[in-house]
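> All I have is the shape, not the residue letters:
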């Protein structure tokens, strides 16, 4: 008994030494509870990511394993390198761009698209180590960053509305309301209300609970088939592992470099904005700066690179980490707990067959709502800002392509700022972006595919 107590004390001392718990005014119990809260809040990505990438033709089982492993690696690196209570996993904006803009929109195979993700990840890692990433992030106007986040959110919500059967194609008006006589559509409606009510009541893990509730209703009503088993070994990553590396020859196609650019931009601002917001909530910010931001960006980029090799789209810091921070998470022990829980979750891959489009649709719609909240911070009373922001937001769902929305914003912002007599506020990076996006639109629309 004494030996066991001594071991517990030794473990406590080790955790104190690594994460400086007392210095942050926290305890092991509080950090682990925060980690559990964050995990429950973001666990939906284990099933939503395979669903979205599966629509691109990727093996859902392999993506499930790659998703879990990249979340484990990213969250653990964030714990040990930066000591932040921030979890990392494949981002929803990136997987939506991969499937609906690149594969289905541009007609590029998922294998070639993964090559683009790999190249973007390599560049991303290099830029993080060279600290170029911080310079570029700071050079992009706040309003365009907010518009990008909101636009991606609305795009994701639109994808959810389609997948859930609430919106369908129309020959006369492009889109129209889906048929409410289709039973599975009501699963989506049920899921939306469950998540929305739980969110309104501030219940941690609302999205995950809603996903589980919708799946259970589908099983009870027979709209979803019962899985053959619940627990099994994690699926093999053989169908996706290294595919991006093996298809690097596809980078000879000029369109692929346009894909790489957009992956870089989305990943740039997704994690940056989330990190800043979460750091402010956790009280990490000092003199308007984040200590150890370099280590956090390296953790994010390394997990992104590893994920691209395993077979998933870029990782990002998860805004759901705010749930764990809200219950007291202050150190990397919170994110390490998330990593451990993702490890246990790998045993539940058979449940993938239960997670249909109607089950994941409510999660996509609600995440879209959360991301669209960025709209409130845009300076709508200044037209030179409002117009580029509006075009960025509306361009993504209406062109069904995230890259076009971003391009619309970056093309119009410098021109309208000059017209408004605010030329001095445009830095050289924004002028460079103007040229880059002109070339990007040329490549996407005029240059023939290789």
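Good, I have the coordinates. Quick caveat, the model's predicted, so the values are computed rather than measured. Numbering: from 1, shown residues only.
> Only C-alpha atoms from now on, for both contacts and neighbour counts.
OK.
> Report the buried residues of stretch 180-192.
Neighbour counts over stretch 180-192 (16 or more other Cα atoms under 10 Å) mark 184, 185, 186, 187, 188, 189, 190, 191, 192 as buried.
> what's that stretch in contact with?
164-166, 179, 210-211, 213-214, 217-218, 223, 358-359, 361-363, 365-366 (Cα atoms under 8 Å, 6 or more residues apart in numbering).
> Stretch 363-376 too?
So stretch 363-376 is in contact with 44, 146-147, 149-161, 192, 195-196, 207, 210-211, going by Cα under 8 Å, 6+ apart.
> Let's see that with 7 Å instead.
146-147, 149-151, 153-154, 156-157, 160-161, 207, 211 (Cα atoms under 7 Å, 6 or more residues apart in numbering).
> where exactly do the helices run in the stretch 51-200 of the chain?
60-77, 92-96, 104-106, 110-129, 132-139, 142-163, 183-200 (DSSP state H, counting those that start in this stretch).
> Quick one: list the elements packing against the second one.
Using 3 or more Cα pairs under 7 Å, 6 or more residues apart in numbering; DSSP states H and E as the contact criterion, the secondary-structure elements in contact with helix 92-96 are helix 45-54.
> Give the rounded mean pLDDT of the helix it packs on.
Per-region confidence: helix 45-54 scores 92 on mean pLDDT.
> For it, what is the distance to the chain centroid?
Centroid displacement of helix 45-54 relative to its chain, using Cα atoms, centre = their mean, to the nearest Å, is 11 Å.
> okay, the angle between that helix and helix 60-77?
130 degrees (axes from the mean of the first three to the mean of the last three Cα atoms, to 10 degrees).
> what about this protein, any weak spots by pLDDT?
1-12, 134, 137-138, 269-273, 276-277, 280-281, 285-290, 444, 446-450 (pLDDT under 70).
> quick one, phi/psi of the residue nearest the centre of it?
By Cα atoms, centre = their mean, the mean C-alpha position of the chain lies nearest to residue 91, the distance being 1.7 Å. Here is the backbone geometry of residue 91 (degrees, to the nearest 10): phi -80, psi 140.
> can I assume it is in contact with residue 320?
No. With contact defined as Cα atoms under 7 Å, residue 91 does not count as touching residue 320 (11.5 Å).
> about what we covered before: now tabulate the buried residues of stretch 180-192 in a markdown table and tack on distance to residue 117.
Below are these laid out as a markdown table (distance: Cα to Cα, whole Å):
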| residue | distance to residue 117 |
| --- | --- |
| 184 | 34 |
| 185 | 33 |
| 186 | 36 |
| 187 | 33 |
| 188 | 31 |
| 189 | 34 |
| 190 | 35 |
| 191 | 32 |
| 192 | 32 |
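> Residue 248: how many residues sit nearby?
17 (other Cα atoms under 10 Å).
> Next up, the contacts around it.
Contacts of residue 248 (Cα under 7 Å, 6+ apart): residue 115.
> That one and residue 114: what is the separation?
To residue 114, residue 248 is 9 Å away according to Cα to Cα, to the nearest Å.
> burial of residue 434, as a residue count?
21.
> can you pull the contacts of it?
Counting by Cα under 7 Å, 6+ apart, residue 434 makes contact with 410, 411.
> name the element it belongs to?
When elements are assigned from DSSP states H and E, residue 434 belongs to helix 428-445.
> How far away from the center of its chain is that helix?
Worked out by Cα atoms, centre = their mean, helix 428-445 lies 24 Å from the chain centre.
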